[in-house]
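> Need coordinates for the following:
(one chain, ligands or ions: 1)
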Amino acid sequence: MKISIITVFPEIYESFLKTSLVARATGKGLVEFNLVRMSDMCKPKEHIDEPTCGPGTGMIIKPEIIERAIESCEKKWNKGFKIFFSPQGKKLDQRLFQKLAKNIRSYGSTSSPRTNDIIKVAVRGELVEPYEQIKKSNYSHLILVCSRYEGMDVRVEEYYADEILSIGDYVVMGGDLPAQVFLEGILRLIPGVVGKQESVEQESFTSAFLDCPEYGLPVEWKDKKIPEIVRSGNHAQIEKWRTEQAAKKTVQKRFDWFVLSNPSEKEIDLAKKFIPNHYVALMHTQILVKKDQVGNTSITSLDIHDIARSCATYGIKNYFMVTLLKDQQKILNKFLDFWKSQEGKDYNLSRFVAVQRVVPSFSLDDVIAKIKEQENVEPLIIATSARDVLAGKQIDFFSQSQIFKLNRPVLFIFGTGHGLSEKVLKKSDFILCPVKGMTDYNHLSVRSAAAIVLDRWLGLNSIIIE
Ligand SMILES: C[S@@+](CC[C@H](N)C(=O)[O-])C[C@H]1O[C@@H](n2cnc3c(N)ncnc32)[C@H](O)[C@@H]1O
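Model (predicted):
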């Protein structure tokens, strides 16, 4: 593969290109570099940059400099696939690296055995061919354009960039570190660059799970021992342990990655082993009925089966409907008697299945006791509210790993009426950020709020992987 790098400071690449795997890849003829210094593109007395137009300070690289630099690269190695770096670009992750690696065409460096071949790249353990349209596109090398100062004149990106990449939502001083991050990520996907291809394929972010924990000698270090199983010599057992540990680490560190990685059924089953049991309570008691007045609300039949159906979808173990009032309990039990009967089952099987998890209850303490009876430990209580309350206890919809790590069952409490009483909020361990739209209408039904909360907390988020 041939790679041109257009930069203000080629010296930044001196040790990078001469070190470790990048140097080895160059030595093996798998990759060849062409460094282009922007100032070499200047005419006598010309500068590479100009002050930005309009109010404000800062310098912008001149379009003509990039134009000449690109022309010089294409004169040397023909048409290049041009990658620009900008914090406003597509955020690089392993998926994007795999997609880009699939698309990169190698155009024979002199000593490469793959001269004029399309390099095959490893994706999830398989060697795959790049996309058809890329094969047709005739790119013969990669051109990395690294900006500095205030960045690039926007017209240059608009005109030339085939891809604009960001290394994350922060700003560094120039495109050279982003280019080196890109090179380290992409080159290791080209077979032959990293010694053992399996080590690339089993890395974090190549499946729904992060990499498993790894150990090396000594057996004991700072009172920490390598787990017996790892030294047992039983390869099948070690493999099983590693996969489970990878699932555990992912759930407890990067649940956000897991839900966005289109996990297989097997991966879901494994992850579930490390997600604590979840419960839901809908409070009709200890509720704000008017401003500052605490009381009871009535049970609604829609809340029984709609929330039960959401609970079934997201794997909630029990859905407690909490009311202190005897006549309300009677109504609830009558309803449940039907839906838990053969008649209810024959009438609507999926509703029958959902309603099995509904448990009548008369107070929050009763709910906690019932969970403790099943789990031998009290649940962590996460209250929900339509308003921002008790800021110190707030968690957001990205806090799952932090909560799952605590290894305790989780109880979500939803309110009716005007919301949960102060007493219930104080008893809770955490309060979830409110569900909000971009309007000031703040009256979601509790059924809708429960569905949104459960989906954001435990839902998978399918993405289309091209
Ligand atoms: C100081 S930055 C300019 C930032 C630009 N004014 C903005 O706010 O989007 C200078 C150059 O560094 C590079 N750069 C900075 N942060 C980056 C990031 N997170 N990802 C990729 N490139 C980055 C880009 O090439 C950028 O043009």
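> how about the residues of this structure that lie near the ligand?
Taking CB under 6 Å from any ligand atom as the contact definition, the chain meets the ligand at 85-88, 146-148, 150-152, 166-168, 170-175, 178. C-betas here are computed from N, CA, C, even on glycine.
> If we use 8 Å, what do you get?
Within the chain, the positions lying close to the ligand (CB under 8 Å from any ligand atom) are 58, 84-89, 146-152, 165-175, 177-178.
> Mind checking which of those are buried?
The neighbour-count test (16 or more other CB atoms under 10 Å) marks 84-86, 89, 146-149, 151-152, 165-167, 174-175, 178 as buried among the residues of the chain next to the ligand.
> Could you give the separation of stretch 215-234 from the chain centroid?
Centroid separation for stretch 215-234 versus its chain: 31 Å, with CA atoms, centre = their mean, to the nearest Å.
> Quick check, central residue of the protein?
Among the residues of the chain, the one closest to the centroid is Trp257, at 3.2 Å (CA atoms, centre = their mean).
> List the contacts of that one.
Neighbouring residues of Trp257 by CB atoms under 8 Å, 6 or more residues apart in numbering: Phe205, Ala208, Leu210, Thr250.
> Just confirm the first one contacts Leu92, I think it does.
Looking back up the chat, that one is Phe205. No. Judged on CB atoms under 8 Å, Phe205 makes no contact with Leu92 at a distance of 11.1 Å.
> Do a quick rundown of the helices in the stretch 201-350 of the chain.
For the stretch 201-350 of the chain, applying DSSP state H, counting those that start in this stretch gives helices covering 235-253, 255-259, 265-272, 301-313, 326-339, 342-347, 349-355.
> Please tabulate these in JSON lines, including the columns mean pLDDT.
JSON lines is the format used below for the helices of the stretch 201-350 of the chain (pLDDT from 0 to 100):
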{"stretch": "helix 235-253", "mean pLDDT": "97"}
{"stretch": "helix 255-259", "mean pLDDT": "97"}
{"stretch": "helix 265-272", "mean pLDDT": "98"}
{"stretch": "helix 301-313", "mean pLDDT": "97"}
{"stretch": "helix 326-339", "mean pLDDT": "97"}
{"stretch": "helix 342-347", "mean pLDDT": "96"}
{"stretch": "helix 349-355", "mean pLDDT": "96"}
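> Compare these and give me the one nearest Asp388.
Nearest to Asp388 among the helices of the stretch 201-350 of the chain is helix 255-259 (22.5 Å), distances taken as CB to CB.
> Send me the closest one as CSV with only the CA atoms.
What follows is helix 255-259, C-alpha atoms only, in CSV (Å, rounded to 0.1, in the frame of the first residue of the first chain):
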residue,chain,number,x,y,z
PHE,A,255,-22.5,-1.6,28.1
ASP,A,256,-22.9,1.2,25.6
TRP,A,257,-20.7,-0.7,23.1
PHE,A,258,-22.5,-4.0,23.7
VAL,A,259,-26.0,-2.5,22.9
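> Tell me which residues of that helix come out buried.
Result for helix 255-259 [16+ other CB under 10 Å]: buried residues Phe255, Trp257, Phe258, Val259.
> The residue of the stretch 351-466 of the chain found nearest the ligand - nearest residue in space that isn't next to it in sequence?
The minimum distance from the stretch 351-466 of the chain to the ligand, using CB to the nearest ligand atom, falls at Phe398 (20.4 Å). Spatial nearest neighbour of Phe398, chain neighbours left out: Asp256 (6.1 Å); criterion: CB to CB, 6 or more residues apart in numbering.
> residues in contact with that neighbour?
Phe398, Gln400, Ser401.
> of those residues, buried ones?
Gln400, Ser401.
> Mind checking which of the contacts of Asp256 land in helices?
Under the assignment DSSP state H, those contribute Gln400, Ser401 to helices.
> Between the contacts of Asp256, which sits nearest Ala69?
Nearest to Ala69, judged by CB to CB, of the contacts of Asp256 is Phe398 at 41.1 Å.
> Could you check the pLDDT of the closest one?
Reading off the confidence values, Phe398 has pLDDT 97.
> same deal with Thr206?
81.
> I'd like to know how many residues surround it.
21 (other CB atoms under 10 Å).
> So what pairs up with Ser166 in the strands?
Judged by DSSP bridges, the bridge partners of Ser166 are Lys91.
> Show the contacting residues for it.
Applying CB under 8 Å, 6+ apart, the residues near Ser166 are Phe85, Ser86, Pro87, Gln88, Gly89, Lys90, Lys91, Leu92, Pro178.
> Secondary structure element for the second one, which one?
Spelled out, it's Ser86. Assigned by DSSP states H and E, Ser86 belongs to strand 80-91.
> and that strand, what other elements does it pack with?
Where contact means 3 or more CB pairs under 8 Å, 6 or more residues apart in numbering; DSSP states H and E, strand 80-91 is packed against helix 63-77, strand 141-145, helix 154-160, strand 163-166, helix 176-187.
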